[in-house]
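> test case, fold it:
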Amino acid sequence: MKAKICGMLLLATLAAGSAFGYVQDSDYRWQRRAEARERSREVRERAREAREFKRERFEAKRVAVRERLYARRELGRERREFIREEARARREAIREARREYRRDWGRVY
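Modelled structure (predicted):
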């Protein structure tokens, strides 16, 4: 019986001590939770900034590729236009030479 009473007394003392310790350390736990929340907020912020940086870098690459392709297309258009103009000038020169030949020689043959 004495052992039971001593065991109950020991159990009650431990329960009271842990309850008192929980009440006493509640501020510490609250502070730790606040710090953990702050760390997780910082981690989320860094992850968001990393995603934004990656997205901006990808957008910049995409714009650079688009501009490069546009410049290449424009250069091709200018080159084709230059070739057309040369061909047009050559045809016009040939036509003019034939007109002069016909005008000068007429229907001699």
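> so where's the chain uncertain?
When residues are selected by pLDDT under 70, those of the chain lie in 15-26, 108-109.
> which parts of it are helices?
For the chain, the helices defined by DSSP state H cover 2-24, 26-105.
> adding mean neighbour count as columns, could you present the ones you listed in CSV?
Quick note: C-beta positions are derived from backbone N, CA and C, even for glycine. What follows is these, written out as CSV (neighbours: other C-beta atoms under 10 Å):
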stretch, mean neighbour count
helix 2-24, 9
helix 26-105, 10
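> how near is Thr13 to Cys6?
Applying C-beta to C-beta, to the nearest Å, one obtains 10 Å for the distance of Thr13 from Cys6.
> try Glu100
134 Å.
> likewise Arg33?
Taking C-beta to C-beta as the measure, Arg33 falls 38 Å from Cys6.
> likewise for Ala12?
11 Å.
> ok, Ala34 next?
42 Å.
> nearest to the spatial middle of this structure, which residue is it?
Arg55 (1.3 Å; C-alpha atoms, centre = their mean).
> what's near enough to touch Glu35?
By C-beta atoms under 8 Å, 6 or more residues apart in numbering, no residues touch Glu35.
> how far away is it from Ala47?
Counting by C-beta to C-beta, the gap from Glu35 to Ala47 is 19 Å.
> alright, calling it a day.
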